[in-house]
Structures are given as C-alpha cells and as structure tokens.
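Asker: Sequence and predicted structure, then a few things I'm wondering about:
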Amino acid sequence: MKLDFPVHVTLQKNFSSLVLSAAVCSLLVGAAFASAGDWPQYRGANHDGICTEQILATWTTPREVWKTPTPGGFSCFAVGGGRVCTLVLGGGEEVCVAFDAATGKQLWAQPLGSAKYDGGGDNGTKENRGGDGPRSTPTIDGDRVYVLTAQLSLFCLDAGSGKEIWKKDLCRELGGKMIRWQSAASPVMDGDLIFVCGGDGGALAAINKKDGKVAWKGAAETLTHASPIVATILGVKQVIFFVKSGLVAVEPATGKELWRYAFPFKVSTAASPVVSGDIVYCSAGYGVGSAAAKIAKAGGKFTAKELWRTEGNTICNHWSTPVLKDGYLYGPFSFKQFGIGPLKCVEVATGKEMWSKDGFGPGGVVLVGNNFLALSDTGKLVLIEASPKGYKQLGEFQAIGGKCWNTFAISNGRVYLRSTTEGACLDVAGK
C-alpha cells in the first residue's frame, strides 16, 4: 500500500490525518554499504554508537534547526542517500516514514501492519494497546530501506517510493513464535546480509538483502529485545547475538558457531553487547546484572571465559547500550529509575564503577572524540567528558519533551534526536 501525504499530516487512527514535519540532515561515516555522511542503521554503521567528527566542546543553548512531532515509539532516525527514515504510530499500525534529508519534505509513509504490544506503555490509547509504539530503527542501504516490525515481519521497501519489494514473516519461516512485549530488535546489516533471530525457539539466520531469501539458518534460540552486533575479535569478523541462553557468536557468511557465553535470563534483555578488544560485555535488568567475558583463540577454536559478573541493578543496563572509550563504558546504568537513574563510568575489564551521576534515567549515549553526549529519558541533552577520573559536564540543554528511551545520531555538526512525541535537530558544529 502506497500512501502519499502532504508535508504536514497527522499520523493517527486515520492515515489521512497526520502531523509530521521534519528536516533531517545526512548522518555519519559508515560501513561498506553506507556513503560518507550516512548514519544508515541503529547506533550507526558500525553498531557502536561512535561519532568520528568534531562538535562544540562546550555549549549553553545549541541552535535549534527544526522541531517536529514524532507520534509514538522509540525508533531512531536512519539516514542515507539524502533520505531520513523512522517508524511512528498511525492508524493502529507501525508506519515507516521517509523525508527528504535536506528540506524535510515528506516523501512517503508506508504502513507495516499491526501496532499491538504487551503493556509497557502509559498513554492509554486503544491504538497502541498499552505500548509506546515501534522500537525498531530502519536500515537504509542505497535505493532500499529495511524494516523489522514488532511482529517480526522483515520488509524491504523502495527508498524512493516506500513500495514493498519483498517481505518475510520470520516467525513462520524460521520456526519461531512471538516473545513477550514483541520484538524491539533492529535489522543489522553487514555486506549483503541482514542478521535476525526468528522469535521464541526460532533459528538464528542471515537474510539476503537483495531477494529476501535465507542465506543460512543456524541454531534455534529465543530472541531477546537486544539487537545483534557485528564486530571483529582477534582478527575474525563475527555476529554476536544476545539471546535467552546468553551470547552466541557466529561467522557472518555461514552461521557457523564460533563461541558461546552463558548469561542468565530473567524477564527481558534489551541492551546490545559491547566489544572491547577481546572482551565482550553484556547486561540485563530485573536483577540479572552484568558481566564480561574474555574471548581467546587457540588451534582455530574460540573460547569465552568469564572475567567478572555482578548481580543486581547497580551495574546494569536495562535497554540503554553504553559506549566504550579506552576500556571504559559510559552510559545509563539503572533499572526503572525513570528520571533519576544515574549515568556511570564502568571499567569493562573489571566491572569497577569509576563514577556515578544521578538524574538521567534510561536514555541514550553517543561517543564523540574525547567526550560523549547523553540524552536523559526526559529529553535533556548533556555533553560530558569521557574520562574515568570523574563526572565533568561541558554543556546541557533541554532539547525535547516526551519519553526518550532511545539513542540518537550526530552528523555534520548536528544532533538528531526524538521522543515518543517530538523530534529535533540541533546545530552543535565545532568552530
């Protein structure tokens, strides 16, 4: 179904009423499938939340370039080929919306199917059945856009029109079923492959981006709400899935298992793994805590040995993935401490807490040079020095309203961020 809307429309129960006006600019340097300036998928092209450009070292009030309603969800912005895509709520469905990156003109809006979620929301509308909306971030690759819905339908859309090119029901085709609270994972692409898990008891798999065919299908696992990552460890590229049994690393081209690390599961897991050299960090809420495993390779075989593990919610990432710099993790470490949860610095090799600062809740972080930006769950954007020596704030700005349980993007001196109600673009270019 192709929908054509004017620049100002309202995404509500009826698609003909939608208020969306956006202007978003091109984003970050990426992997092989991304052009310079693109931020083509969740947490950037390299899956690590790291920005390589310079921005202001201090600020008081960044210039607001634009602000626009973004009705429902925790989907982030993805940018590529002069287009900007995100997921919103509309007419009881998840909707992928595309804008012209330079002007903000709406190019198309494509409905993707039911927006039903198991609780977890607070806006009380019948439309989203208690949930806050889509959590998956689209992936833009040349003339195509790839979207994974909460119901585990993987779409390939034409980037110019939004028209469906192909669609796969991952539960049905990979032998799985839906998990509690539905999927929150984003489609993670590397080369010609998109890496997915087929739900509860479904297979780990790689889908060919060109035709939607299964390139390989591996072990049966239960999906969590965490997106997989692609990383290189000890010279070997691998896809690391965070599933109910723990971490599972496989060869991207074949799905051959490289190593496993058992990690306890309780209720849900949503933060992606973080790789630091030969160390892989993971964390979960609900009292599970966090841990780090050291990966070794001998005789062509990988092993994973636990370095440390801590239980409880003190060193814990619920759904906010931290960023890494020089062996230290920076990010929101808390569990359901909305509005007050601390931002922390944690040594990845030991789990030692270096410092803690209250007042952030579960938001998002992006590393920028020697500093990092943190978005609180209430829309406050804070620039902080990335140092284990202590918390040093360099700038603070109330950027947007609404609930911000997601991350954001930085490109060409601009920050692009959104909540369940509105999105904004801020000019923070270094002088």
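Answerer: Nice, thanks for sending it over.
Asker: distance between whatever helix or strand residue 259 lives in and the chain's centre?
Answerer: Under the criterion of DSSP states H and E, residue 259 resides in strand 257-262. Computed by CA atoms, centre = their mean, to the nearest Å, the chain-centroid distance of strand 257-262 equals 23 Å.
Asker: The worst-scoring helix or strand of the chain on mean pLDDT: what's the following helix or strand?
Answerer: The least trusted helix or strand in the chain, going by mean pLDDT, DSSP states H and E, turns out to be strand 409-411, with a mean of 81. Counting by DSSP H and E, the next helix or strand C-terminal to strand 409-411 is strand 414-418.
Asker: who does that next one pair up with?
Answerer: Partner strands and pairing direction for strand 414-418 (DSSP bridges) are strand 409-411 (antiparallel), strand 422-427 (antiparallel).
Asker: what's the neighbour count on residue 296?
Answerer: Number of residues near residue 296 (other CB atoms under 10 Å) recorded here: 14. Bear in mind the C-beta positions are built from the backbone N, C-alpha and C, glycine included.
Asker: how many neighbours does residue 232 have?
Answerer: 9.
Asker: returning to what we had before: buried deepest among the strands paired with strand 414-418, which one?
Answerer: Ranked by mean neighbour count, these are led by strand 409-411 with a mean of 25 (mean count of other CB atoms under 10 Å).
Asker: Distance from it to the middle of the chain?
Answerer: With CA atoms, centre = their mean, you get 14 Å for strand 409-411.
Asker: now swap in stretch 314-330 and tell me
Answerer: 14 Å.
Asker: Same question for stretch 215-222.
Answerer: 22 Å.
Asker: CA atoms only: put that stretch into CSV for me.
Answerer: Only the C-alpha atoms of stretch 215-222 are listed here, as CSV (Å, rounded to 0.1, in the frame of the first residue of the first chain):
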residue,chain,number,x,y,z
ALA,A,215,21.3,-17.3,3.2
TRP,A,216,21.8,-19.5,6.1
LYS,A,217,19.9,-20.8,9.1
GLY,A,218,21.6,-21.9,12.3
ALA,A,219,20.9,-22.8,15.9
ALA,A,220,17.4,-22.5,17.4
GLU,A,221,17.4,-19.7,20.0
THR,A,222,14.9,-17.5,21.8
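Asker: Can you list the residue ranges for helices in the chain?
Answerer: Remark: helices assigned in the chain by DSSP state H are 170-174.
Asker: Next, work out how far apart the residue nearest to residue 231 when sequence neighbours are not counted and residue 281 are.
Answerer: Counting by CB to CB, 6 or more residues apart in numbering, residue 231 lies nearest to residue 275, which is 4.2 Å off, once chain neighbours are set aside. For residue 275, the distance to residue 281 (CB to CB, to the nearest Å) stands at 8 Å.
Asker: More neighbours: those two, which one.
Answerer: Using other CB under 10 Å as the criterion, residue 275 and residue 281 rank with residue 281 on top: 26 against 22.
Asker: and the more buried one, what are its bridge partners?
Answerer: residue 274, residue 292.
Asker: residues touching it, list them.
Answerer: By CB atoms under 8 Å, 6 or more residues apart in numbering, the contact set of residue 281 is 273, 274, 275, 290, 291, 292, 322, 329, 348.
Asker: One more pass at 10 Å, please.
Answerer: Contact analysis of residue 281 by CB atoms under 10 Å, 6 or more residues apart in numbering lists 247, 271-275, 290-293, 307-308, 317, 321-322, 324, 329, 346, 348-349, 351.
Asker: on that earlier part again, which neighbours do residue 275 and residue 281 share?
Answerer: By the contact definition CB under 10 Å, 6+ apart, residue 275 and residue 281 are jointly contacted by 324, 348.
Asker: returning to that earlier point: can you tell me which of the strands paired with strand 414-418 comes nearest to residue 361?
Answerer: Taking CB to CB, strand 422-427 is the member of the strands paired with strand 414-418 nearest to residue 361, at 17.6 Å.
Asker: Please state the mean pLDDT value computed over that closest one.
Answerer: Strand 422-427 shows a mean pLDDT of 86.
Asker: Tell me how far that strand lies from the chain's centre.
Answerer: Using CA atoms, centre = their mean, the offset of strand 422-427 from its chain centre is 18 Å.
Asker: With stretch 396-410 instead?
Answerer: With CA atoms, centre = their mean, you get 14 Å for stretch 396-410.
Asker: Just the terminal-to-terminal distance for it.
Answerer: Stretch 396-410 has its terminal residues 16 Å apart, counting by CA to CA, to the nearest Å.
Asker: now do stretch 407-427
Answerer: 17 Å.
Asker: what do you get for stretch 360-368?
Answerer: 19 Å.
Asker: you'd agree residue 220 is up against residue 177?
Answerer: No - using CB atoms under 10 Å, residue 220 makes no contact with residue 177, being 11.6 Å away.
Asker: between those two, what contacts are shared?
Answerer: Joint contacts of residue 220 and residue 177 (CB under 10 Å, 6+ apart) are 198, 200, 201, 202.
Asker: Can you tell me how far residue 206 is from residue 389?
Answerer: Counting by CB to CB, the gap from residue 206 to residue 389 is 42 Å.
Asker: between these two, who's got more neighbours?
Answerer: residue 206 (25 against 9).
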